[in-house]
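> Sharing a model that was predicted from the sequence below.
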Amino acid sequence: EAQVTQNPRYLITVTGKKLTVTCSQNMNHEYMSWYRQDPGLGLRQIYYSMNVEVTDKGDVPEGYKVSRKEKRNFPLILESPSPNQTSLYFCASSRTGNVEDQPQHFGDGTRLSIL
Amino acid sequence: AQKITQTQPGMFVQEKEAVTLDCTYDTSDQSYGLFWYKQPSSGEMIFLIYQGSYDEQNATEGRYSLNFQKARKSANLVISASQLGDSAMYFCAMREAPPTGANSKLTFGKGITLSVRP
């Protein structure tokens, strides 16, 4: 089954404790992306990757890091989490970054609470 | 200016009736894609329907259809024969055609809450 898998689904942690949210896709997609969702703001892109070893900032990259060492994995790293990073996070992938290669497939989301 | 505008704060519809969820967009690109996603209370994002800017016919997927009016820059979602399970948040999104090698992100609207009444 084609899917994007995120872990963990839920996490409550404290300020400053480094955490990683994993994302893996089994569709051999080149393009992967992270979004955060906050009430009244819709989804906003954090980082994206056009292919292995190619990553770049989205609209709200501050406080986040990513890596793309393998095609299937795109982890999101919070080196020193703060309460304003409490949010619902989604990983997504598509075959390429082209408009025609739709849709983006989303993971089930990770709900992070930073106390 | 917002790229995707969804102004309806919340919608109610009677079960088995049709409902239209509004979406307007803003782009200067000739090539772009328009999407609708459903987010139930459980939180996952479910792809519903896609319309390419060059598609001449309105997209349809089962009970979902997209009323695409290019000149007005609107891409309204029509759900026919509403079901209780359609109660959810609905997001309109756009993917523009960037220069080669640039990001092709989805830009989302703020969403519309749909409640289906029995």
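All right, it came through fine.
> Scan chain A for its longest strand.
Criterion DSSP state E: the longest strand present in chain A is strand A:42-51.
> Tell me the neighbouring strands of it, and mark each as parallel or antiparallel.
strand A:31-38 (antiparallel), strand A:54-57 (antiparallel) (DSSP bridges).
> so residue B:85 sits in a helix?
Yes - looking at residue B:85 with DSSP: H, G, I helix; E, B strand; the rest coil, it is inside a helix.
> The helix or strand of chain B at the bottom of the mean pLDDT ranking packs against which elements?
Scoring the helices and strands of chain B by mean pLDDT, DSSP states H and E places strand B:106-108 at the bottom, with a mean of 89. Applying 3 or more CB pairs under 8 Å, 6 or more residues apart in numbering or on different chains; DSSP states H and E, one finds that strand B:106-108 contacts strand A:31-38, strand A:42-51, strand B:88-96. To be clear about C-beta, it is placed using only N, CA and C from the backbone, and glycine gets the same treatment.
> 7 Å instead?
Counting by 3 or more CB pairs under 7 Å, 6 or more residues apart in numbering or on different chains; DSSP states H and E, the packing neighbours recorded for strand B:106-108 are strand B:88-96.
> quick one: contacts of the strand it packs on?
Strand B:88-96 is contacted by residues A:42, A:99, A:102, B:3-4, B:6, B:21, B:23, B:25, B:27, B:29, B:32-40, B:75, B:77, B:104, B:106-109, B:111-114 when judged by CB atoms under 7 Å, 6 or more residues apart in numbering or on different chains.
> what's the angle from it to strand A:42-51?
Going by axes from the mean of the first three to the mean of the last three CA atoms, to 10 degrees, strand B:88-96 is angled at 40 degrees with respect to strand A:42-51.
> What residues sit buried inside the longest strand of chain A?
Neighbour-count burial for strand A:42-51, counted by 16 or more other CB atoms under 10 Å in any protein chain shown, picks out A:42, A:43, A:44, A:45, A:46, A:47, A:48, A:49, A:50.
> In those residues, find the pair that's most separated.
Distance extremes for the buried residues of strand A:42-51: the farthest pair is A:42 and A:50 at 22.8 Å, using CB to CB.
> before we move on, what SS does residue B:82 have?
Going by three-state DSSP: residue B:82 is coil.
> Name all residues that make contact with it.
Per CB under 7 Å, 6+ apart, neighbours of residue B:82: B:13, B:15, B:16, B:17, B:18, B:19, B:116.
> mind running it again at 10 Å?
For residue B:82, the contacting residues are B:13, B:14, B:15, B:16, B:17, B:18, B:19, B:63, B:114, B:115, B:116, B:117, by CB atoms under 10 Å, 6 or more residues apart in numbering or on different chains.
> Just the pLDDT for the residue nearest to the last one when sequence neighbours are not counted.
The reference is to residue B:117. Using CB to CB, 6 or more residues apart in numbering or on different chains and skipping the chain neighbours, the partner closest in space to residue B:117 is residue B:14 (5.3 Å). pLDDT recorded at residue B:14 is 97.
> give me phi/psi at residue B:14?
Backbone torsions of residue B:14, given as degrees, to the nearest 10, read phi -80, psi 140.
> Tell me where the chain is predicted with low confidence.
With no chain named, the answer covers chain A. A:102 (pLDDT under 70).
> not quite, I wanted chain B
For chain B, the ranges with pLDDT under 70 are B:1-2, B:99-102.
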